[in-house]
Structures are given as C-alpha cells and as structure tokens.
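> All I have is the shape, not the residue letters:
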C-alpha cells in the first residue's frame, strides 16, 4: 500500500483557532484547479500509489470535490477524505455524492473536539457544527461509507 496526500483547498466552513491554514490562505479561499488535481492524480498512478487522502481546509467545499473523488475512484484509488463532516448533512450534496461515487469505497475521517456540542463548537468557533457533523456522519454510514471519528483532546 502506497499513500499520497492531496490538499485541494484551504477554504473552510469552521473557524478553529489552531488551524494549520494561515489566515491569509483562508481569506484567499485558495482552491487548486481541477486540471492540476487530475494531473497530480495521474502522476500518483504512475508512481504506484494505491490510496489517496484528500484534505483541505475543508475539501468538500472545493467546487469540484465530487469530480475529484470520482476521478480518483475511477483511476482505481482507495479514497479517504479528511473532513469535518458538516456538508454530508446536506441532503442535496449527499444525493449528488451518491449518484456519482461508490459510497462503499469512500472513507471519511473526522475529528470531534468533545462529546458535548458546546465544547466542540467552542473549539471550532462554529455554532451548530456539532449536530451538522454528527448528522453528516450518520448519513455517510447509512450510505455504506466507512467513517472514522477521532476525539481531539
């Protein structure tokens, strides 16, 4: 197994004070173009990569997120997405995913900052994010995706 890491954007829908993306990157909403990402994915295939981990910022906010995951899956990669899980609570977004992707071959890794909504949202500065994340992860499980939850202490 050979893994590659693909950061596709620095934009995020949360406001964690400890985020590794700089404030300027967040403000600029840095988004890597689809063509450049496909080129990188093609290079990964040449190099014998078997697994791609897609991240951001929040990668689901990239306007071509579904295309990126679809292309990666069609190239034969096992795809893992590092996400806060919020967008998966959106029914329209989830329907588009389900129509285009092999949901059973999609793995999502997320972090919850606490089992308490209040503490979680205090850490990421985003009211309502805890419930959106939990709902999104539940939706992914219902579609057969593999979900891994890390508890950040």
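Right, received. Where do you want to start? Keep in mind that what you see is a predicted model, and the values were worked out from it rather than measured.

> so who does residue 1 touch?
For residue 1, the contacting residues are 50-51, by Cβ atoms under 8 Å, 6 or more residues apart in numbering. Heads up, the C-betas are built off the backbone N, CA and C, glycines and all.

> Renumber starting at 333 from here on
All right, first residue 333 from here; so that's residue 333.

> quick one: it and residue 414, what's the gap?
Separation of residue 333 from residue 414 (Cβ to Cβ, to the nearest Å) stands at 17 Å.

> Please apply the same query to residue 464.
Taken as Cβ to Cβ, the span from residue 464 to residue 414 is 17 Å.

> same question, residue 442
Distance of residue 442 to residue 414, given as Cβ to Cβ: 8 Å.

> same deal with residue 443?
Distance from residue 443 to residue 414, by Cβ to Cβ: 9 Å.

> Which elements pack onto the host helix or strand of residue 464?
Secondary structure assignment for residue 464, by DSSP states H and E: helix 461-474. With contacts taken as 3 or more Cβ pairs under 8 Å, 6 or more residues apart in numbering; DSSP states H and E, helix 461-474 sits against strand 438-444, helix 449-456, strand 478-483.

> Pull the residues that contact it.
So helix 461-474 is contacted by 345-346, 416-422, 426, 435, 438, 440, 442, 444, 448-449, 452-453, 479, 481 (Cβ under 8 Å, 6+ apart).

> and what of stretch 392-402?
Looking at what lies outside stretch 392-402 - Cβ under 8 Å, 6+ apart - the contacts are 338, 340-341, 343-345, 363-364, 366, 369-370, 373, 386, 388, 391, 411, 413, 415, 418-420, 425, 428-429, 432-433, 438.

> If you count neighbours, what's buried in that stretch?
Within stretch 392-402, the residues scored as buried using 16 or more other Cβ atoms under 10 Å are 392-394, 396-398, 400-402.

> Any idea how far apart the tips of that stretch sit?
One end of stretch 392-402 sits 13 Å from the other (Cα to Cα, to the nearest Å).

> Now do it, average pLDDT.
The predicted model assigns stretch 392-402 a mean pLDDT of 97.

> any idea which helix or strand comes after the helix or strand that contains residue 398?
Element membership for residue 398 (DSSP H and E) is helix 397-406. Remark: after helix 397-406, the chain's next helix or strand is strand 410-414, criterion DSSP H and E.

> Poorly predicted segments of this protein, please.
352-361 (pLDDT under 70).
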